[in-house]
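K.L.:
Mind looking at a prediction? Sequence and model below.
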Amino acid sequence: MSGAPELPIIPGMPKSRRLLILACSQRKRRDLARPLAIDFYDGPLWQTLRTVDHAGAHAQVAVLSALYGLRDARFEQIADLHYDQVMTRSQADAMIAGGVATRWPRPPRRSLPDTFGIAPAAEIFSMTRAINGPFVDVAIAGGHLYIDVARGWIPNFIRSGWIAPDAPLTIINDMIGRMRQSLRQWLIAPGPINLSASPPST
């Protein structure tokens with residue numbers, strides 16, 4: 001597949017105001033020492049992302065993990081290189097019910113203080129500070145349970161001012177080959193596009 005060449009990051013260049021929430025993958029790079037998430041996850045969509053936009057010129061990327069919740073994919077190091085936790089229906093429901101203020105991962109025992117992990121709200125807030133305003137275009141890519149979780153959080157991100165109320169929301173969930181094509185198309189688009197998009201609910 002052809003596409004726009006990757007754009008290099010130039011010091012002082014404004015960061016993209018587009019947000020990609022990408023599901024983690026079962027396939028991971030175990031040979032890297034304390035990698036960033038963008039290099040650690042090695043599923044097909046992550047390979048496409050690295051090929052098209054490893055430098056982050058087209059979009060800022062947040063990874064949605066069944067264990068770690070929502071993290072900035074470009075700066076957050078993965079603490080446990082050997083973890084392998086799959087999103088289940090019960091885990092997805094717990095993340096949706098917990099909302100954007102719940103930290104992930106959860107404490108290993110209920111008796112311990114809730115100081116583990118990072119809340120999705122804190123991570124998105126940190127990412128928006130770098131662009132001095134809300135994200136204006138959003139895509140979510142991954143399996144249906146990951147889509148459910150991310151979509152469940154989006155209204156809170158909008159109410160908090162981290163995503164613009166009129167930002168188009170593109171859902172990328174299909175056969176893997178089509179998902180890779182859709183992800184590439186969304187990444188290289190010059191502005192908001194509609195692939196299989198739906199408006200954000202409020």
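P.N.:
Yep, that arrived. Numbers count the residues shown, from 1 in each chain.
K.L.:
For residue 31, see how far away residue 74 is.
P.N.:
Spatial separation of residue 74 from residue 31 under the definition Cβ to Cβ, to the nearest Å is 20 Å. Every C-beta, even on glycine, is put in place using the N, C-alpha and C of the backbone.
K.L.:
measure stretch 21-31 end to end?
P.N.:
Stretch 21-31 stretches 25 Å from its first residue to its last (Cα to Cα, to the nearest Å).
K.L.:
What are the boundaries of the helices in this protein?
P.N.:
Under the criterion DSSP state H, the chain carries helices at the ranges 37-40, 44-53, 89-98, 120-129, 144-159, 176-188.
K.L.:
Output these as JSON lines; include the columns mean pLDDT, mean neighbour count and distance to residue 135.
P.N.:
Formatted as JSON lines, the helices of the chain follow (pLDDT from 0 to 100; neighbours: other Cβ atoms under 10 Å; distance: least, Cβ to Cβ, whole Å):
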{"stretch": "helix 37-40", "mean pLDDT": "92", "mean neighbour count": "20", "distance to residue 135": "18"}
{"stretch": "helix 44-53", "mean pLDDT": "97", "mean neighbour count": "20", "distance to residue 135": "15"}
{"stretch": "helix 89-98", "mean pLDDT": "96", "mean neighbour count": "15", "distance to residue 135": "20"}
{"stretch": "helix 120-129", "mean pLDDT": "95", "mean neighbour count": "19", "distance to residue 135": "7"}
{"stretch": "helix 144-159", "mean pLDDT": "98", "mean neighbour count": "20", "distance to residue 135": "8"}
{"stretch": "helix 176-188", "mean pLDDT": "97", "mean neighbour count": "18", "distance to residue 135": "13"}
